Structures are given as structure tokens and as C-alpha cells.
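>>> need a structure here:
(2 chains)
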Amino acid sequence: MYFCAMYSSELIKGTLKTIILKLLKSNGKMYGYEITQRVKELTNNKIQITEGALYPTLHLLEKEGEVETETENIGKRVRKYYTITPKGKVTVNLKVNEFMDFMNTMKFLLDLELDVGHAAK
Amino acid sequence: MQLNDEHIAFILDDIKANGIVIEDLQNNLLDHICCIVENEMPEGEDFYKFYGCIMPRFFKKDLKEIEEETNNLLTFKNYYAMKSTVKISGIISAFLILGGSIFKTMHWPGAGFMIMLGGLLFSLIFVPLMIVLKFKDDETTTDKWVFAFGFVLAMVAALGIIFKVFHWPYANFGMRWSVTLFLFGYIPLYYFTRIRRPETKFNTTINMVLMMACGGMMYALFNLHPSTGVQESVNASYDFMQQHTIQVSRANEALHAKKAPYLTSNRFHQSSINLYQKIDSIKAFLIASTDKIPLEKAKQISLSDVQGVNDNVSLRNVFENSTSEFSLQALEREINAYNELVAELFPSNQEKLIAINQLQFRNTILSVVLYQLSQVQWQVVSSENSYLEALSN
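Numbers count the residues shown, from 1 in each chain, chains lettered A, B, ... in the order given. Purely as a prediction, here's the structure:
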């Protein structure tokens, strides 16, 4: 439900917070649609964040104080911009490091360095 | 395509109609949909048709899912914190209750505090959090409600035990009802909702037997009356004192008749008889009220034949909290009148005064009250006897 992509949702579940926080850290303030488009663009459509996953997570990040918001009226509608907070910056560093460590562990576990492309013997 | 006010109003109404209540989320979705239409709708395509095509990508079944997911995340954002709180509070409460019980057995200080803290942690933090977590689990609705019912009973039972340890009111009520409902409500529910599932059949039977054994033992422990041996010795002691009191009372009558010429006043004798008889009627009344037997029969009955010797409920109603002529209040009035006369007649003999404050008539059971009433009667007849004996012939 939460990711439409060439990867299985099991594989990328749990990385959504990291993706959003990292994007906000790199790009400054962003709004919902912009985030989904940026992810699509950066991953060549390999990862597409669905709205059903994006907005609940953004609300949670706001409640946890990882992001802060400001609104802008565009005609009859309101656009909400998200910006990463200092707390969010600390979190994203921790999460990125954790993810890197996880990838290294998986590389070792699946023997990827020794036999790239032929892991499953 | 540039959206006009009519389009925006249409999208917003549709979002609301599909169950999105949080205003913030409404605005987010409205802007998102507008962005999609503005950036992705092909030239010349009908807005309403395009809108119908893009909406399914927001959900699996309906749009409300986004709001539910948001609520779930916000409500259960502390899910893992809750789980660790459950673990920690469970372990601490188990150690506190166990430690408190050992301290209580050894009569060491701090036992009550440990048991209370452990019980409160268990019933007010551990169990409620377990109920919340249970509802979050991927179990059937029936299982969730059955377990929640069991947890609520555990909570009431634990609070009942704390109340019992501290001699607070309604302890028995909480404990008995929770264990009764556990034995005759929860266990059958647990059994019948799980026994038909092949994967849980064996464990269900084992758990049911264990729960029945524990519940049954708890039930047996609630009615902690004195042992038969203790009760029999109390009865024998009561009967002995009663018999002796009657003998001395009769002896006093004879002595009084014999020494009448030497008496300066009859007031002490009369006051002693009044108090003695008053206590006799109170005793008979209490036995009659507790055992629901006629007053005349209650006057003749021996303590070993009284059914409600361990009763405290009826005693509280008809004696402690009553204002009738057989109440504690009436007894205190009678004893005070007796004491005033004794103080006036024998200013140097303070040992004849009845120390009512040293007797415990409140928060106790019938046999204790009857025993103490007999002690007062014994003091009355003894005092009169020593007075009469001391009179010169």
C-alpha cells in the first residue's frame, strides 16, 4: 500500500522516515507532492511514495518535533511546507548511519562483496 | 491545467465525503490532488474523468484509510515505549509483590508498602497497557475482548487484594466478584472461543485446568476465618467465663439479701443488674440478627452453636452503625452511667471502672464482640462481689 516501486514493500518498509528527513535536510522546505516527485526523480521511478504512506508519516514527524511546518495560501487552497528541525537533523544522521551499518551487515551476511550478482548459489 | 474555485470546492467536498475529518489532512490532500491535476493531467482531458482515475492511487479500499493510518501512527507512536513499560512494570510489580509477601511473612518493616506499590503498578499500569496492546495485536475481535475481560478481572482482583492487605472496605467485594467472574465467566469464554481451533486446542485445555486450579485456590483463600481449633478454644473460653459469671451473679444475689441491712444504698446493686441485663439482651439480639433466629432462642444458644461467629457485615449494621437500644451507642451510654456511679460511690477504687476505650467493638467479628461483652459482665459481677464481701457482717 505504501510504496509503488520495483522493490518489494517489505524491503523498503521502515525507511520512509529516513527518506523524508534526508530530503528535507538536503532541500530545505518542501510540500507533500514535491516530496513524492523528488523521490521519483532521484530513484528513476524505482521508488514511488504513495500518499497513503506520506501524509500519516509527515503528521507523525510533526508531532514528534522532527519537522516543523508553515502554510501558504494558494488561491482557495492551503499548502503546507515542511522543514527539518535540529532534532530531525540529529535523527536523520542516526537513521542514515544505522541504515549504512545494516547494509554492510547484509553485504557480509549475503556474501555480496565476494560474489556480487551471484549471491544465491 | 489551471484549477478554478469550483474544481477546488468539488475536490474538498469529495475528500470530506470520503471520511477525512482532520482539517490538516484535508488541506494536505487537497493541495496534493490539485498539484497532480495541474502537473499530470493531459491537455483537453475532462477534469472529473481524470479525477476519477487518479483517486484510487491514494488508497486500497477507500480514502479514509489515510486518516486511519494517521490516527494509528499518532496514537501508537509510543507502541514500543508501551511494550517496554509493560515489561518493566510487570517485572518490578512481580518482584515487589513477591518481596512484599516474604517481608510480610517474616514480619519485617516495609512489607505493606512493597505489596501496595507492586499491586498498584500491576493493576494501574501493567494491566491497562496490556489491554491497549492486546487491541493493537492482529488477533480476532473476540479474542481481544475475551482477553481484555480477563485483564480487567485481574486488575479488580489485584486492587481487592491491596484493599484486603490494608483492611480497606469493599476488599472482599472486589476479590470475590472478580474471582467468581473469572471462574464462571472468563474461563468458559476462553475455553469455548479457542477449543475449536486445532492449533490452540491442546494449550487451551492445559491453560483452562491451570486457571481453574489457581482461581479455585484463590477462592478458597478469601474466606480466611480462624481455624476450627482456635474457634473451639474461643468457644470453650467464652462458655467458661459465661458460666462463672452466672455463678457469681447468683452468689451476689444471695450475698445482697444477706447483707441488705448493712447497705447504705441500693444504687450500686441496681446499676450492676441493669448493665448486666443490658449486655445479656445485646448479646441475644446480635446472635438473633446474625443467625436470623428468634430472640428467645438466641438467649439460650451456646457460642459453639452460633452460625455467624465470623460475621462482620450484619454486626456493622445492627451494632456499630445503629442507634437502636441494642447498639454500641446504647451500650456506651449504659457503661458511662455505670462508671459515673462507680466514680461517685468508690472514689478510691478506680479499678472498678469499666475501661470501655480498651475494648475493641469496631471492625471485628461477632465472636470477639460477644467475648468482650462477657468480659464486661464478668467485671461487673466481680466488682459487686468484692464490694459485698467487704461489707462487715
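>>> Give me the contacts around the helix or strand hosting B:Leu221.
Following DSSP states H and E, one finds B:Leu221 within helix B:201-222. Applying C-beta atoms under 8 Å, 6 or more residues apart in numbering or on different chains, the contact partners of helix B:201-222 are B:157, B:172, B:175-176, B:179-180, B:182-183, B:186-187, B:190-191, B:194-195, B:197. Backbone N, C-alpha and C define where each C-beta goes, glycine included.
>>> CA atoms of stretch B:187-198 as PDB?
The C-alpha trace of stretch B:187-198 is given here as PDB (Å, rounded to 0.1, in the frame of the first residue of the first chain):
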ATOM      1  CA  ILE B 187     -12.700 -19.400  31.800                       C
ATOM      2  CA  PRO B 188     -15.700 -20.800  29.900                       C
ATOM      3  CA  LEU B 189     -15.400 -17.900  27.400                       C
ATOM      4  CA  TYR B 190     -11.700 -18.600  27.000                       C
ATOM      5  CA  TYR B 191     -12.400 -22.300  26.500                       C
ATOM      6  CA  PHE B 192     -15.200 -22.100  24.100                       C
ATOM      7  CA  THR B 193     -13.600 -19.400  21.900                       C
ATOM      8  CA  ARG B 194     -10.400 -21.300  21.500                       C
ATOM      9  CA  ILE B 195     -11.100 -25.000  21.800                       C
ATOM     10  CA  ARG B 196     -12.400 -25.400  18.200                       C
ATOM     11  CA  ARG B 197      -9.200 -24.200  16.700                       C
ATOM     12  CA  PRO B 198      -6.900 -27.100  16.100                       C
END
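>>> What is the neighbour count of A:Lys46?
12 (other C-beta atoms under 10 Å in any protein chain shown).
>>> same check, this time on the one 3 residues further on
Summarising burial for A:Ile49: neighbours were counted as other C-beta under 10 Å, giving 25.
>>> isn't it right up against A:Gln37?
No. Using C-beta atoms under 8 Å as the test, A:Ile49 is too far from A:Gln37 to be in contact (9.7 Å).
>>> and whichever residue of the stretch 151-300 of chain B sits closest to chain A, what pLDDT?
Closest approach between the stretch 151-300 of chain B and chain A, counting by C-beta to the nearest C-beta: B:Glu199, at 24.6 Å. The score at B:Glu199 is 79. That number is its pLDDT.
>>> Give the rounded mean pLDDT of stretch B:129-144.
80.
>>> what's the answer for stretch B:53-71, then?
85.
>>> Just the buried positions in it, please.
Buried residues in stretch B:53-71, counted by 16 or more other C-beta atoms under 10 Å in any protein chain shown: B:55, B:58-59, B:63, B:65-67, B:69-70.
>>> Columns secondary structure and distance to chain A on top of those residues, output as a markdown table?
Supplementary listing: those in a markdown table, determined by DSSP: H, G, I helix; E, B strand; the rest coil; distance: C-beta to the nearest C-beta, whole Å:
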| residue | secondary structure | distance to chain A |
| --- | --- | --- |
| B:Met55 | helix | 10 |
| B:Phe58 | helix | 5 |
| B:Phe59 | coil | 6 |
| B:Leu63 | coil | 9 |
| B:Glu65 | helix | 6 |
| B:Ile66 | helix | 5 |
| B:Glu67 | helix | 8 |
| B:Glu69 | helix | 4 |
| B:Thr70 | helix | 4 |
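>>> and the residues you listed as CSV, adding distance to B:Gln360?
What follows is those, written out as CSV (distance: C-beta to C-beta, whole Å):
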residue, distance to B:Gln360
B:Met55, 77
B:Phe58, 74
B:Phe59, 71
B:Leu63, 70
B:Glu65, 66
B:Ile66, 67
B:Glu67, 63
B:Glu69, 63
B:Thr70, 62
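>>> ok, the closest residue to B:Ile162 other than its chain neighbours to B:Leu189 distance?
Closest residue to B:Ile162 apart from its sequence neighbours, by C-beta to C-beta, 6 or more residues apart in numbering or on different chains: B:Gly119 at 4.1 Å. Applying C-beta to C-beta, to the nearest Å, the value for B:Gly119 to B:Leu189 is 25 Å.
>>> These two: who's more crowded?
B:Gly119 (24 against 16).
>>> Can you give me the buried ones in the helix or strand harbouring that one?
Using DSSP H and E, B:Gly119 sits in helix B:111-121. Neighbour-count burial for helix B:111-121, counted by 16+ other C-beta under 10 Å, picks out B:111, B:114-121.
>>> So which bits of stretch B:311-318 are buried?
Result for stretch B:311-318 [16+ other C-beta under 10 Å]: buried residues B:311-312, B:315, B:318.
>>> Run through the residues that contact B:Met106.
Taking C-beta under 8 Å, 6+ apart as the definition, B:Met106 has no contacts.
>>> which non-adjacent residue is nearest B:Pro109?
Per C-beta to C-beta, 6+ apart, closest to B:Pro109 is B:Phe103, 7.7 Å.
>>> Look at the one you found and give its secondary structure.
helix (DSSP: H, G, I helix; E, B strand; the rest coil).
>>> what number of residues lie near it?
17.
>>> my read: it touches B:Gly110, true?
Yes. Between B:Phe103 and B:Gly110 there is a contact at 5.9 Å, judged by C-beta under 8 Å.
>>> And the residue nearest the centre of the chain?
Picking chain A for this. Per C-alpha atoms, centre = their mean, the C-alpha nearest to the average position across chain A is that of A:Ile19, at 1.7 Å.
>>> my bad, the chain I had in mind was chain B
Judging by C-alpha atoms, centre = their mean, chain B has its centre closest to B:Ala171, at 2.3 Å.
>>> Spit out the contact partners of it.
B:160-161, B:163-164.
>>> Residue ranges in the stretch 101-250 of chain B under the pLDDT threshold?
Regions of the stretch 101-250 of chain B meeting the criterion pLDDT under 70 cover residues B:138, B:222-226.
>>> Show me where it has its helices.
Assigned by DSSP state H, counting those that start in this stretch, the stretch 101-250 of chain B shows helices spanning B:111-121, B:127-136, B:141-165, B:171-181, B:187-194, B:201-222, B:228-258.
>>> Check which helices and strands the second one is in contact with.
Think helix B:127-136. helix B:79-106, helix B:141-165 (3 or more C-beta pairs under 8 Å, 6 or more residues apart in numbering or on different chains; DSSP states H and E).
>>> Show me the helices in chain A, by range?
Under the criterion DSSP state H, chain A contains helices at A:9-12, A:16-27, A:32-42, A:51-64, A:86-109.
>>> Among these, show me which one is buried the most.
Per-stretch averages of neighbours, counted by mean count of other C-beta atoms under 10 Å in any protein chain shown, single out helix A:51-64 among the helices of chain A, with a mean of 21.
>>> Say whether chain B is contacted by that helix.
Yes. Under the criterion of C-beta under 8 Å from any C-beta of the partner chain, helix A:51-64 makes contact with chain B via A:51-53, A:55-60, A:63-64.
>>> Can you name the residues in contact with that helix?
Contacts of helix A:51-64 (C-beta under 8 Å, 6+ apart): A:1-3, A:16-17, A:20-21, A:32, A:35-36, A:67-69, A:82, A:88, B:22, B:24-25, B:28-29, B:32, B:57-60, B:65-66, B:69-70, B:72-74, B:77.
>>> Let me know the average pLDDT across it.
89.
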